[in-house]
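Enquirer: next comes the sequence, and after it the predicted model I'd like to discuss.
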Amino acid sequence: MALTDSELKNLKEKAAQLRKDIIDVTFWAGGAHIGGALSMVEIITILYYKYMKIDPENPDWEERDRFVLSKGHAGVGLAPMLANVGFFDKEILKTFNKFNSPFGMHLDSLKVRGLDASTGSLGHGLSMALGMALAARVKNLNYKTYCLLGDGELNEGSNWEAMMAASHYKTTNLIPIVDYNKHMIDGRVEEVMSLEPLDKKWEAFGFEVLKVDGHNFIELDKALEKAVSAVEKPVVIIANTIKGKGVDFMEDETKWHYGSIDSIAWEKAKASVKVDL
Amino acid sequence: MAKEILGTTWTVYDADTLTQAEIYGKVLTELGEKHKDIVALTADLAKSTKIGKFNEVFPERFFNVGIAEQNLFGVAAGMAKAGLLPVVSTMATFASMRAAEQVRTDICYQNLNVKIIATHAGVSFGAAGSTHHCLEDLSIMRAFPNMTVIVPADGIETANAVKAAIEEHKGPVYIRIGRGFEPPYYKNDDYGFEIGKAVKLREGTDITIIATGVTVLQAVEAADFLKENDGISVEVINMHTIKPIDRQAVLDAVNNSRRILTVEEHNIM
């Protein structure tokens, strides 16, 4: 079902709220991977509010959909999302990155309620997500496993091992999404280690590729609808995004891969977040 | 032809004609019948590691991911996270080094119920050359949190270790076996195998040999030789579990003989 106007409005409001939360947590934490957290906001917003079957009262529910944040450094984006859908109180995020906090920059599944996998070392998430997808098949369960990958992360060879296996096993219940924000720590992706033609590479590894504007809910929705009903071969969604999206002075700037903000920048960043992008 | 003999808890196999790995393959298949959550994984070594036996009976629960060890252990972690009990086999050198980070971060840090049965350890595949030797794995695996490390003395002890790892222990376990042509020590399986508890094989008062894995048989032979030819009384301990080590057994040996010799197919650097 296509998004209704009120659903769209709701998603946009949730996304704007999440952006403000990410800015807050980055400020409280004294620094975080804010650029890549802001670029994935629409992707995880539509997953958690429209597509994923989850039960925050019962985080280990066997039939729930799974989400693996393979670009684990963007934990500063996922943690407030998990709070917003009800896994824990957002107040606890004031401890983010602090000594004795359950929240490090890269989230730990043994400590964070509602988190399906610990990630942070790049190139691990897709394999774990594939394991969850294959487990659904063995257990005859209908859940989906979504895996959000970074673009720079795709330099890791292990991803391509997992892709090869996913198309071999035809795991249409595994839905990888690439947050293609075009920046990595040392610069632009195409300058550090070129990925293009990225769509052809996924295709060659056996995937149907859908390319969307990763900040456009209508495009994301259409692609996800197609991906969840795939039967022949798995679908990957390549979401073209902007690093730092939604905060004017952070957009498309490599230096905001990881950054800290003072109280002035904090106010400025929050003021620049708009509901309608 | 392999001759089956009846053990106390299940049927063990004639250790003189079946290799360590073959016994493992058979035991795993028997356990697969009983535990429907067991899945078996390998990386193009189904035949060499004998985990392929499982595939003959449970093809829908068997996954050969090709020559891709990082993906192998990542997939196992995801399966365990989703409630399955993955048993993963590849050669020790690849399990402990090629995929070390997946084993540490995905499996051990998340304390997942994955059992790794690593074959061709030590210099058991000597003729293959140094790329296929593995004299580092015990140090590497021992350092990973939550990991239990077992080095069975022979095929029968491998059967005991696999059964205990699956039925009596929740969490990651690394079981290290050879290529399979090592002579067996045990004749039967009912000697009270327990993870973390060493087994005394010879009483002695002059010196204690603590051995593990394939060196257990050699230690016993050495003890018997020394007793017969030199009148030296040698205590022999089979330290099949390297982590957690049986601390009390070591302290008792210190009290008993005051001289300890350790023997392992590994390096001590």
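Expert: Ah, there it is.

Enquirer: can you show me the helices along chain A?
Expert: Applying DSSP state H to chain A gives helices spanning A:5-29, A:34-39, A:41-46, A:75-84, A:125-139, A:157-168, A:189-192, A:198-204, A:217-228, A:263-272.

Enquirer: same deal with the stretch 1-150 of chain B?
Expert: Under the criterion DSSP state H, counting those that start in this stretch, the stretch 1-150 of chain B carries helices at the ranges B:20-34, B:46-49, B:52-57, B:69-81, B:92-93, B:100-101, B:137-142.

Enquirer: buried residues in the fourth one?
Expert: Think helix B:69-81. B:69-81 (16 or more other Cβ atoms under 10 Å in any protein chain shown). Where C-beta positions appear, they are placed from N, C-alpha and C, glycine not excepted.

Enquirer: now stretch B:92-110
Expert: Counting neighbours by 16+ other Cβ under 10 Å, stretch B:92-110 gives B:92-96, B:98-110 as buried.

Enquirer: any residue of that stretch up close to chain A?
Expert: Yes. Judged by Cβ under 8 Å from any Cβ of the partner chain, stretch B:92-110 and chain A are in contact via B:101-102, B:105-106, B:109-110.

Enquirer: quick check: the gap between the residue lying closest to residue A:217 once chain neighbours are set aside and residue A:47.
Expert: Among residues not flanking residue A:217 along the chain, residue A:11 sits closest, at 5.0 Å (Cβ to Cβ, 6 or more residues apart in numbering or on different chains). In this view, residue A:11 and residue A:47 are 11 Å apart by Cβ to Cβ, to the nearest Å.

Enquirer: picking that back up, show me the contacts for the residue nearest to residue A:217.
Expert: A:3, A:42, A:45-46, A:49-50, A:217 (Cβ atoms under 8 Å, 6 or more residues apart in numbering or on different chains).

Enquirer: just to check, residue B:266 is in contact with residue B:122?
Expert: Yes. Between residue B:266 and residue B:122 there is a contact under Cβ atoms under 8 Å: 6.7 Å.

Enquirer: of those two, give the one with the bigger neighbour count.
Expert: The neighbour comparison of residue B:266 against residue B:122 (other Cβ atoms under 10 Å in any protein chain shown) goes to residue B:122, with 24 against 21.

Enquirer: do you know how far the more buried one is from residue B:263?
Expert: Going from residue B:122 to residue B:263 by Cβ to Cβ gives 12 Å.

Enquirer: so where's the chain shaky on pLDDT?
Expert: Let's take chain A. Residues of chain A meeting the criterion pLDDT under 70: A:277.

Enquirer: oops, wrong one, chain B.
Expert: For chain B (pLDDT under 70), the answer is B:1-18.

Enquirer: residues of chain B that sit close to chain A?
Expert: Taking Cβ under 8 Å from any Cβ as the contact definition, chain B meets chain A at B:39, B:60-61, B:63, B:65-66, B:68, B:70-71, B:73-84, B:86, B:101-102, B:105-106, B:109-111.

Enquirer: re earlier: quick one: which of the contacts of residue A:11 is most hemmed in?
Expert: Comparing the contacts of residue A:11 on neighbour count, residue A:42 comes out first with 28 neighbours (neighbours: other Cβ under 10 Å).

Enquirer: how about residue 171, what does it touch?
Expert: Answering for chain A, as no chain was given. Here residue A:171 is in contact with A:130, A:133-134, A:137, A:234 (Cβ under 8 Å, 6+ apart).

Enquirer: can you look at chain B instead?
Expert: Applying Cβ under 8 Å, 6+ apart, we find residue B:171 in contact with B:111-113, B:146-148.

Enquirer: go on, residue B:151?
Expert: With Cβ under 8 Å, 6+ apart, residue B:151 has these contacts: B:121, B:138, B:175-176, B:212-213, B:240-242, B:264.

Enquirer: can you pull the domain assignment for chain B?
Expert: In terms of domains, chain B is parsed into B:3-176, B:199-263 (source: automatic domain parsing).

Enquirer: quick check: bridge partners of the nearest residue to residue A:223 once chain neighbours are set aside?
Expert: Nearest residue to residue A:223, sequence neighbours excluded (Cβ to Cβ, 6+ apart): residue A:210, at 4.3 Å. Taking DSSP bridges as the rule, residue A:210 bridges to residue A:237.
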